[in-house]
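Trainee: Sequence below, structure please.
(4 chains)
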4 protein chains.
Amino acid sequence: MSSVTKKFDSRRIRLGMVGGGQGAFIGAVHRIAARLDDRYELLAGALSSDATRASASATLLGIAPERSYASFEEMAAVEAGREDGIEAVAIVTPNHLHFAPSKAFLEAGIHVICDKPVTATLEEAKELAKIVGASDRLFILTHNYTGYAMLRQMREMIASGDIGKLRHVQAEYAQDWLTEAVEKTGAKGAEWRTDPSRSGAGGAIGDIGTHAFNAAAFVTGEIPSSLYADLTSFVPGRQLDDSANILLRYESGAKGMLWASQIAVGNENALSLRVYGDKGGLEWHHRVPDELWFTPYGEPKRLITRNGAGAGAAANRVSRVPSGHPEGYLEGFATIYREAADAIIAKREGKTAAGEVIYPGMEDGLAGLAFIDAAVRSSQTSTWVKIDI
Amino acid sequence: MSSVTKKFDSRRIRLGMVGGGQGAFIGAVHRIAARLDDRYELLAGALSSDATRASASATLLGIAPERSYASFEEMAAVEAGREDGIEAVAIVTPNHLHFAPSKAFLEAGIHVICDKPVTATLEEAKELAKIVGASDRLFILTHNYTGYAMLRQMREMIASGDIGKLRHVQAEYAQDWLTEAVEKTGAKGAEWRTDPSRSGAGGAIGDIGTHAFNAAAFVTGEIPSSLYADLTSFVPGRQLDDSANILLRYESGAKGMLWASQIAVGNENALSLRVYGDKGGLEWHHRVPDELWFTPYGEPKRLITRNGAGAGAAANRVSRVPSGHPEGYLEGFATIYREAADAIIAKREGKTAAGEVIYPGMEDGLAGLAFIDAAVRSSQTSTWVKIDI
Amino acid sequence: MSSVTKKFDSRRIRLGMVGGGQGAFIGAVHRIAARLDDRYELLAGALSSDATRASASATLLGIAPERSYASFEEMAAVEAGREDGIEAVAIVTPNHLHFAPSKAFLEAGIHVICDKPVTATLEEAKELAKIVGASDRLFILTHNYTGYAMLRQMREMIASGDIGKLRHVQAEYAQDWLTEAVEKTGAKGAEWRTDPSRSGAGGAIGDIGTHAFNAAAFVTGEIPSSLYADLTSFVPGRQLDDSANILLRYESGAKGMLWASQIAVGNENALSLRVYGDKGGLEWHHRVPDELWFTPYGEPKRLITRNGAGAGAAANRVSRVPSGHPEGYLEGFATIYREAADAIIAKREGKTAAGEVIYPGMEDGLAGLAFIDAAVRSSQTSTWVKIDI
Amino acid sequence: MSSVTKKFDSRRIRLGMVGGGQGAFIGAVHRIAARLDDRYELLAGALSSDATRASASATLLGIAPERSYASFEEMAAVEAGREDGIEAVAIVTPNHLHFAPSKAFLEAGIHVICDKPVTATLEEAKELAKIVGASDRLFILTHNYTGYAMLRQMREMIASGDIGKLRHVQAEYAQDWLTEAVEKTGAKGAEWRTDPSRSGAGGAIGDIGTHAFNAAAFVTGEIPSSLYADLTSFVPGRQLDDSANILLRYESGAKGMLWASQIAVGNENALSLRVYGDKGGLEWHHRVPDELWFTPYGEPKRLITRNGAGAGAAANRVSRVPSGHPEGYLEGFATIYREAADAIIAKREGKTAAGEVIYPGMEDGLAGLAFIDAAVRSSQTSTWVKIDI
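Mentor: The predicted structure is shown next:
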């Protein structure tokens, strides 16, 4: 049995990466996430548009020189032709460089794990959706917060009717790192995130608003049908919104508010979800992700902890350590990677993955872009805008 | 020196009360607030429209039988004529019974301390404003949250520039006591609060939204110029809103969001204020009212405590006990009463009260009704509406 | 009916005060506590050993000049002889001045409400216990924390078996105001508290350790049978302990730890109680006194709130405002005064107060002094010492 | 360059494992920790004393069949003789099986990464210390909490004098999983932990008390010189302590309290450290490990966050993701593994690792056993016992 064959039989996925060279934050996160449960081997990369940096990064990561590519196009072509070529690729470039590599790898028969938002524009997203639809390859979108055990718990409880019929959603994602014009001081991450040509039409709304939107949809099982947005760029000279105030309406009659801000001084990555039905409420804060408040109407608040009393099957399935030992951001991210690995292997073996497909994918990506698009149009026109999904 | 003369010289105010008979929550609160700092003597009352209940309540409170009146009109007339008549009256009736007694007592030359909202309608408020303007008597509105030491601290810090130029306000007041149709089960407080003829055009927006609105204005020193509201009555058959989702815009360019809900299961009296400027942030939660988070940009969050390190003159002036000994709702309410007493005595002595008039008054009342009115109209018309003050 | 007779019939108690002149913290607290529920009239005082200060303080408080006394002995004698004399006296002097006035007023037939600790020495406490025992007057000790609604809740739940058989008690009271030698900088409160001749043998152990000890006994219904203490004076030159580390053992087999410190930088009045039985746990922190954590074994933690879901009769009886409106230190203190008033009136009317006598009294005082005495001896001898009650 | 040589040059360590077969909690944790930063390859194992389970576990982990050993002795011997043999071994067996494999691997020239406590008895620890001393191989003890960024921050701040001279330490580790006799219901982890022949003389004191002890020593830089302990077995029939109440004294004059309990209902893995000096205090809770409270005397409390404002070099060096993205238990554990990898590679290259050796080692192990031993003897003799290190 050759080593190649052996790998085909293993629980591990042969992975490539586009973007994520030295110094890139999210690339390193994807790699840790892929490694944490030992389900991937990183074997190829087009890690940077800068050839020297690409090569140096590959060496550091133990990628063989011949599998460090100058471009994603070359990588897709060559890897597709190797017997031991990569089965999946992680795309961790800025937003405007999601579409082309996604298309290239899907068409080369390679599964795609893509950072969010799925593309820079709604048009691209719609086109990519067609490509995904026509492909038999998987498309996984790393809306990593859905990997948190307690969001799984919320989702399960709401689906089970624990809070009754949904009435109100309060979703927030507040940061403060764009309080000043740091994009003018050489901060790469701030540069492209505040540049419409690379980030798309949304600033805070795209970068973090979509996370709040996606997380709310994930736990409630409902996507708002329309929204009313008031977007603002507080920092002088900034082209994209750094603060987004949004009202939500759901088909079911539920309502909501969503606040995304990158100028809320004192907030780091303050994602929070508060969801109220006619029988109970649930409250979750990213700051202490292993805890979930549940309030059945007329009873004392209860604190459900990951892997602890009150936690159900959906949460326990994605927990790694006992209750009271905090899990965090990387573990949530790794859960997406683990579920992607399960699905890829099921595909490899000609099976359908057991149970619900819970990792985020193209539909979430489309919804996210539709959300950004609606928010921008609503803010420009001062009208309620339908979220077009 | 007769005992009457003596009282004129004392630090105490001769007080009457309209409403607040046995079983009424807010009346009892007003009485404790008046008593806490020993600045009032309750000497007269028209405590209930039910004569038996009025009389029984008066006896319990030690009010002399001849000063327990069948109507506020009679009370105003008789007390105005007594040498030892009341100097001030507390009006603690439902909203639709604020205007008439306020008018009667002011015109009888008696200071008025009125529960909020100031009246049931904006029209009444405007008319009352004229009466107050024409009177030389004081009008105090018990927007009690402004009595909290840490809201004084916020106000002082914002005025001092500690958070820089205001950018974003996040104001909330969430409760859950109207999650079900309790107004149909005999709960008096729920009955009138959900009845437009007694409460006015606003439900949650009037009962608690005005508190959030007032508190935000108090601390920032800015009143939003316009708003966009989405009001909802979630409980079937309820005529007034039980949930209000609102976007705010300020003349200065600041923005905000205000959420008031009486169906947010798990929330008791969850008023919170988060205010962000271009140099820092402040965060306060009613649940732990003695604490205030202050975040100067780029520095660790700081927890300022009432009477503790970091607290300034404005907060210390209204503190009664050392830091770490919790003060609460009654103390905040009592602070309004104490400041009203100071102002009434200054008036009695022909002086102007020293320093800033900080207790809430007619202007706050007008702003509150303009806010309710704008919110109702915005929600009906789906347009931004100017807050007409 | 003369005004005097009328007062005898009223719900109010005629009160005098020993100590508590201008600037004294705890005297002002006692007065607010007495006033809050309108059950007392302050009519007489020996407010200061300094005649000028005594007189000025009396004037400010509206005490008639002839009832402002130069000494507590004179006050006891004269008031006992007046038809409208005080029925009860509040003793708010430093510890070494508790015994003599308590004795004097009890012997003059006047009820005593005394600040804690009951006396400066265990010997005095034992002697006073005999005097109280021989008297038909009431003796109330203001261990004010027992007035907190959620400590009532803890007590009721433990008595009801909600946590099963008691196993472990974790009691703390941490402050930081004696971190430096403030007693040498003119701070009166620090001066006498660090002076053995005025404070007794205990420093932190007497001033705040007794509160933690009393609160733990109050909620569990058990008093430790012995203790092992390690007392320390960290601040150079300080004669009394400013930090006390104590192990506890109970007759029932339960164990405990008690920590009292006045040099724990960052703590204000951080009293906390954590109590564990074989079926559940309870946790309370003074910082948020309206909340109580309850953990039945194997179930999610529950947050019980004052007057909210899960709160029982014992807590609700002493609540004044709805859940979510914070009550605090003054309300807890006032509850002791209110219950004292009920008992005094029952006595006046020749009845026994209905229900359990729950306010703290001589037994609590004796236990407190026995605790201080045992802690000091244990620390000196490095042995377990029986708490001699 | 052969693949073997290549590996010698790489940043990765060739790792073996003793214990940690299927179902073992801590073995899985060690493997994730080793993998997270990609510094190890797991190549060999003696994963279980049960041959079938050992083999099945090895297959699952991708260990080649010929490197899955029936005993650690065989593994040490064979791996030491392979050119591509393991460089380090992780020992993750119950306590009584730490000594023999540690000795075997060290003597075979293989670095040891051992779970805590270092051995089951103080005698073994002392003997192992000699072996470690005589060896040129490294010995790393996974006192994983020292890997938390904010404990690094505490250590750095205390060393820098930020809280002044140490006065008081309050260390706790509370759990509730042994509230009932779960060791009699087939729970493997509970079985050996409550069995003196496998766990050693300490129950809670050894399992979690040592963590609290080690963490306190790590942050303060001081080890208590003596202690006074009161150990209890609350659950009938249990041979080892399930609750430990301990007083601490330091050579420097500082004092402390340490509480370890496995029957404190409602606590999951509630490790907390509160440390007070004469200039400030620091407070850390495992529940929210990315946050550290710092209180300079007389100033507001400050909340320092991992990678956020106020965090210093020591904390930032071990942070992986931005502030506000929670890190947790696995990340802390992985930091120990990463630092071990750095040290092993430095050794491999004949260098000394740069900077301070910060990962825990034999000295920590000895101190831990001396602590357990002293606690057990103190509790038996009711005397202060010197911690013999």
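
Trainee: and stretch A:108-124, which residues are buried?
Mentor: By 16 or more other CB atoms under 10 Å in any protein chain shown, the buried positions in stretch A:108-124 come out as A:108, A:110-122, A:124. To be clear about C-beta, it is placed using only N, CA and C from the backbone, and glycine gets the same treatment.

Trainee: Those in helices, which ones?
Mentor: The members of those that map onto helices under DSSP state H are A:Leu122, A:Glu124.

Trainee: And the pLDDT at the closest residue to A:Ala159 other than its chain neighbours?
Mentor: Nearest residue to A:Ala159, sequence neighbours excluded (CB to CB, 6 or more residues apart in numbering or on different chains): A:Gly221, at 6.0 Å. Looking at A:Gly221, its pLDDT is 97.

Trainee: Just list the residues touching A:Gly221, thanks.
Mentor: Contacts for A:Gly221 (CB atoms under 8 Å, 6 or more residues apart in numbering or on different chains) come out as A:Arg155, A:Ile158, A:Ala159.

Trainee: What distance do you get for A:Ala314 to A:Gly221?
Mentor: Per CB to CB, to the nearest Å, A:Ala314 is found 13 Å from A:Gly221.

Trainee: do A:Asp50 as well
Mentor: From A:Asp50 to A:Gly221 the distance is 44 Å (CB to CB).

Trainee: try A:Gly253
Mentor: Distance from A:Gly253 to A:Gly221, by CB to CB: 15 Å.

Trainee: A:Pro322 now?
Mentor: Computed as CB to CB, the A:Pro322 to A:Gly221 distance reads 29 Å.

Trainee: pLDDT of the helix or strand hosting A:Leu43, averaged?
Mentor: A:Leu43 belongs to strand A:40-46 when assigned by DSSP states H and E. What strand A:40-46 shows for mean pLDDT is 96.

Trainee: ok, back up a step: shared neighbours, A:Ala314 and A:Gly221?
Mentor: With CB under 8 Å, 6+ apart, A:Ala314 and A:Gly221 have common neighbours A:Arg155.

Trainee: Show me which residues of the stretch 151-300 of chain A sit near chain B.
Mentor: Applying CB under 8 Å from any CB of the partner chain, we find that the stretch 151-300 of chain A lies next to chain B at A:163, A:167-168, A:170, A:176, A:179-180, A:228, A:230, A:232, A:234, A:243, A:245, A:247, A:249, A:255-257, A:259, A:261, A:263-267, A:274, A:276-281, A:283, A:293, A:295-297.

Trainee: now the most centrally placed residue in chain A: how far from chain D?
Mentor: When CA atoms, centre = their mean is applied to chain A, the residue found nearest the centroid is A:His143 (1.6 Å). As judged by CB to the nearest CB, to the nearest Å, A:His143 and chain D stand 14 Å apart.

Trainee: can you pull the contacts of that residue?
Mentor: A:His143 sits in contact with A:Lys116, A:Thr210, A:His211, A:Asn214, A:Ala215, A:Phe218, A:Ile336, A:Pro360, A:Asp364, A:Gly368, where contact means CB under 8 Å, 6+ apart.

Trainee: Among the residues of the stretch 151-300 of chain A next to chain B, name the buried ones.
Mentor: Here, 16+ other CB under 10 Å leaves A:163, A:167-168, A:170, A:176, A:179-180, A:228, A:230, A:232, A:234, A:243, A:245, A:247, A:249, A:255-257, A:259, A:261, A:263-267, A:274, A:276-281, A:283, A:293, A:295-297 buried among these.

Trainee: In strands, which of these appear?
Mentor: Residues of these located in strands (DSSP state E): A:167-168, A:170, A:228, A:230, A:232, A:243, A:245, A:247, A:249, A:255-257, A:259, A:261, A:274, A:276-277, A:280-281, A:283, A:293, A:295-296.

Trainee: Pull the number of nearby residues for A:Asn269.
Mentor: If you count neighbours by other CB atoms under 10 Å in any protein chain shown, A:Asn269 ends up with 21.

Trainee: how about the host helix or strand of A:Ser55: buried residues?
Mentor: Secondary structure from DSSP H and E places A:Ser55 in helix A:51-60. In terms of neighbour count (16+ other CB under 10 Å), helix A:51-60 has its buried residues at A:Ala54, A:Ser55, A:Ala56, A:Ser57, A:Ala58.

Trainee: got the phi/psi numbers for A:Val288?
Mentor: phi -130, psi 80 (degrees, to the nearest 10).

Trainee: Settle this for me: it is touching D:His286, isn't it.
Mentor: No - the criterion here is CB atoms under 8 Å, and A:Val288 misses it with D:His286 at 11.4 Å.

Trainee: what's the angle from the helix holding A:Ser55 to strand A:40-46?
Mentor: Angle, helix A:51-60 to strand A:40-46, by axes from the mean of the first three to the mean of the last three CA atoms, to 10 degrees: 160 degrees.

Trainee: what about helix A:51-60, distance to the chain center?
Mentor: 26 Å (CA atoms, centre = their mean, to the nearest Å).

Trainee: and it, what's its mean pLDDT?
Mentor: Mean predicted lDDT for helix A:51-60 stands at 92.

Trainee: Show me the contact partners of it.
Mentor: Taking CB under 8 Å, 6+ apart as the rule, helix A:51-60 contacts A:Gly20, A:Gly21, A:Gln22, A:Gly45, A:Ala46, A:Leu47, A:Ser48, A:Pro65, A:Arg67, A:Ser68, A:Tyr69, A:Ala70.

Trainee: For the helix or strand just after it, C-alpha coordinates in CSV please.
Mentor: Counting by DSSP H and E, the next helix or strand C-terminal to helix A:51-60 is helix A:72-81. Extracted in CSV, the C-alpha atoms of helix A:72-81 (Å, rounded to 0.1, in the frame of the first residue of the first chain):
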residue,chain,number,x,y,z
PHE,A,72,-4.1,30.0,-7.3
GLU,A,73,-4.8,29.2,-11.0
GLU,A,74,-1.6,27.3,-11.3
MET,A,75,-2.2,25.6,-8.0
ALA,A,76,-5.7,24.5,-9.0
ALA,A,77,-4.5,23.1,-12.4
VAL,A,78,-1.5,21.3,-11.0
GLU,A,79,-3.1,19.9,-7.9
ALA,A,80,-6.1,18.6,-9.8
GLY,A,81,-3.7,16.6,-11.9
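
Trainee: Which neighbouring elements make contact with helix A:72-81?
Mentor: strand A:13-18, strand A:40-46, helix A:99-107 (3 or more CB pairs under 8 Å, 6 or more residues apart in numbering or on different chains; DSSP states H and E).

Trainee: go with 10 Å
Mentor: Counting contacts by 3 or more CB pairs under 10 Å, 6 or more residues apart in numbering or on different chains; DSSP states H and E, helix A:72-81 packs against strand A:13-18, strand A:40-46, strand A:88-91, helix A:99-107.

Trainee: and B:Gly202, which of the ones you listed is closest to it?
Mentor: Proximity to B:Gly202 (CB to CB) singles out helix A:99-107 among those, at 48.2 Å.

Trainee: residue contacts, A:Ala120?
Mentor: Contact partners of A:Ala120, counting by CB atoms under 10 Å, 6 or more residues apart in numbering or on different chains, are A:94-99, A:196-202, A:206, A:369, A:372.

Trainee: just the buried members of those?
Mentor: Counted by 16+ other CB under 10 Å, the contacts of A:Ala120 give A:94-99, A:199-202, A:206, A:369, A:372 as buried.

Trainee: Can you tell me which of those residues lies closest to chain D?
Mentor: A:Pro94 (17.0 Å; CB to the nearest CB).

Trainee: re earlier: which single one of the contacts of helix A:51-60 is nearest to A:Val318?
Mentor: Within the contacts of helix A:51-60, proximity to A:Val318 (CB to CB) peaks at A:Gly20, which comes in at 24.2 Å.
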